[in-house]
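Trainee: no sequence on this one, just coordinates:
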DNA sequence: AACCAAATATGATTGAAATCATATGTTGCC
DNA sequence: GGCAACATATGATTTCAATCATATTTGGTT
């Protein structure tokens, strides 16, 4: 359930938290107690600027984690608020740090996970820079991003679901994609 | 010059490479020899899909790094090509891995750098999801992203430079920003 | 000093995606 | 079994940023 290497942590390193919509997981300035995994719901991280504007830093969704950088800070630098009824698992900072020191496999696993995420985020950002909706959708499908729903893909790649459906239709009409089912599309190999 | 913790590496872990435009730093399938730092120019990472489409994974610019995930792979999974005459520094995989095992400060520094980058990329992706150009520019300025040129900011946040200048002008007219010089803007604190 | 390249700045026009609307299909649940 | 919620799908209209165009300023180079 927890992503590697956090699945290696002892039971007592995990604290489940149930949150009502609007409830805080932590606040800016709170002492850092760990990193979090989203079991259900969604958590939004925001920071206030000096001018009073709220900047959203991250929308953590089911299966995602947040506040990993808190391992290297004494206080949280933003607010984490449940935007829906949620369950999150807190992974104790102390346990993680101890394990990092004492277990090379865990330490390597953590570094590896972060390196992989950096790679994924760069790829996603690069995809966002593609102007044409059709090309963006094609590249997204070619990169294997159409796992869940089309709606989900749309939000992932920065399009409305309507624009995404339209692009899928046009790409299918053009012969670049093949419709393999309701909401399912495959690449048409060009040879 | 090199970002932490790579500045800690010995001289002999660094290999400078000079590349003409179009030249490869490495190819998909090559044995992994290290991670890279861009001293000048720009490097583009692309991968071919089964259907023959080229997917750009990352555009590494001056001061940036690429192929960090190669530390956890035997072969590179994409091509790295200089899109302009470039100089890059290769940081030997072996040296990094040895140092990771033997120097806790280095190891922690690397993990920390990656965690920070994950955080930054998430923030940038979240910013890209803001629809209105004005709001996007405002939030970008509020997050301290207007360091270099406006042109640079524009490309960073996914707008054309024209749209970015216009947004800056409108925000200034509205009183949300204050123009402090040519290409320089500051937040107007609302109190 | 003259010149060039790039950044700054803004106006006019266009186009592509957002929005609004609507219909059907599917899934889970009481 | 029926209802609610959501995903799929596509048509019509609008809007906002991209594009095209142009002028000025600045910094670096010869």
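Mentor: It's in. Bear in mind the structure is a predicted one, so any value in this text is a computation, not a measurement. Residues are numbered from 1 along each chain as shown, chains lettered A, B, ... in the order given.

Trainee: just the helices in chain A please.
Mentor: A:93-102, A:104-128, A:133-142, A:150-157, A:161-174 (DSSP state H).

Trainee: Could you pull up the residues touching residue A:41?
Mentor: Listed by Cβ atoms under 8 Å, 6 or more residues apart in numbering or on different chains, the contact partners of residue A:41 are A:19, A:62, A:82, A:83, A:84, A:85, A:86, A:87, A:88. Every C-beta, even on glycine, is put in place using the N, C-alpha and C of the backbone.

Trainee: Just name the closest of those to DNA strand D, please.
Mentor: Nearest to DNA strand D among those is residue A:84, at 9.7 Å by Cβ to the nearest atom of the strand.

Trainee: Can you list phi and psi of that closest one for me?
Mentor: For residue A:84, the backbone dihedrals are phi -160, psi 160 (criterion: degrees, to the nearest 10).

Trainee: Throw the contacts of residue A:41 into a markdown table and include neighbour count, pLDDT and distance to residue A:117, thanks.
Mentor: Formatted as a markdown table, those follow (neighbours: other Cβ atoms under 10 Å in any protein chain shown; pLDDT from 0 to 100; distance: Cβ to Cβ, whole Å):
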| residue | neighbour count | pLDDT | distance to residue A:117 |
| --- | --- | --- | --- |
| A:19 | 20 | 92 | 24 |
| A:62 | 12 | 92 | 16 |
| A:82 | 23 | 93 | 23 |
| A:83 | 15 | 90 | 22 |
| A:84 | 13 | 89 | 24 |
| A:85 | 14 | 89 | 27 |
| A:86 | 22 | 92 | 21 |
| A:87 | 15 | 93 | 22 |
| A:88 | 23 | 95 | 18 |
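
Trainee: of those, list those near DNA strand D.
Mentor: Among the contacts of residue A:41, no residue lies close to DNA strand D (Cβ under 7 Å from any atom of the strand).

Trainee: For those, give me CSV that also has distance to chain B.
Mentor: What follows is the contacts of residue A:41, written out as CSV (distance: Cβ to the nearest Cβ, whole Å):
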residue, distance to chain B
A:19, 20
A:62, 16
A:82, 17
A:83, 13
A:84, 17
A:85, 22
A:86, 18
A:87, 21
A:88, 16
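
Trainee: related to what we said a few turns ago, can you say which of the helices of chain A is packed in most?
Mentor: helix A:133-142 (a mean of 21; mean count of other Cβ atoms under 10 Å in any protein chain shown).

Trainee: what about that helix, average pLDDT?
Mentor: What helix A:133-142 shows for mean pLDDT is 96.

Trainee: Around the closest residue to DNA strand D within chain A, count how many other residues there are.
Mentor: Closest to DNA strand D within chain A is residue A:183: 2.7 Å, counting by Cβ to the nearest atom of the strand. Each residue near residue A:183 was counted by other Cβ atoms under 10 Å in any protein chain shown, and the total is 14.

Trainee: quick one: contacts for the residue nearest to it when sequence neighbours are not counted?
Mentor: Leaving aside its chain neighbours, residue A:183 sits nearest to residue A:150 (5.2 Å; criterion: Cβ to Cβ, 6 or more residues apart in numbering or on different chains). Residues near residue A:150 by Cβ under 8 Å, 6+ apart: A:161, A:164, A:165, A:168, A:183.

Trainee: Which pLDDT value goes with residue A:150?
Mentor: 95.

Trainee: Can you tell me how far it is from residue B:49?
Mentor: Plainly put, residue A:150 is 19 Å away from residue B:49 if you go by Cβ to Cβ, to the nearest Å.

Trainee: With residue A:99 instead?
Mentor: Distance of residue A:99 to residue B:49, given as Cβ to Cβ: 38 Å.

Trainee: on that earlier part again, sitting in strands, which of the contacts of residue A:41 do you find?
Mentor: Per DSSP state E, strands hold the following members of these: A:19, A:82, A:86, A:87, A:88.

Trainee: mind listing what the closest residue to residue A:39 other than its chain neighbours touches?
Mentor: Excluding the flanking residues, the one nearest residue A:39 by Cβ to Cβ, 6+ apart is residue A:87, at 4.1 Å. Contacts for residue A:87 (Cβ under 8 Å, 6+ apart) come out as A:16, A:17, A:18, A:19, A:38, A:39, A:40, A:41.

Trainee: Equivalent analysis for residue A:80, please.
Mentor: Contact analysis of residue A:80 by Cβ under 8 Å, 6+ apart lists A:24, A:25, A:26, A:36, A:43, A:44, A:45, A:66, A:67.

Trainee: Select from those residues every entry located in strands.
Mentor: A:24, A:25, A:26, A:36, A:43, A:44, A:45, A:66.

Trainee: Which of the residues you listed are buried, as a PyMOL select command?
Mentor: Remark: buried members of those, expressed as a PyMOL selection using 16 or more other Cβ atoms under 10 Å in any protein chain shown:
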select buried, chain A and resi 25+26+36+43+44+45+66
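
Trainee: Domains in chain A, by residue range?
Mentor: Using automatic domain parsing, the domains assigned to chain A come out as A:6-103, A:130-187.

Trainee: Quick check: end-to-end length of the last one?
Mentor: With Cα to Cα, to the nearest Å as the measure, the ends of domain A:130-187 fall 19 Å from one another.

Trainee: Please compute how far that domain lies from its chain's middle.
Mentor: Between the centre of domain A:130-187 and the centre of its chain there are 20 Å (Cα atoms, centre = their mean, to the nearest Å).

Trainee: cool, the first one as well?
Mentor: From the chain centre to the centre of domain A:6-103 is a distance of 13 Å (Cα atoms, centre = their mean).

Trainee: what do you get for stretch A:181-191?
Mentor: 26 Å.

Trainee: quick check, that stretch touching DNA strand C?
Mentor: Yes. Using Cβ under 7 Å from any atom of the strand, we find that stretch A:181-191 touches DNA strand C at residue A:182.
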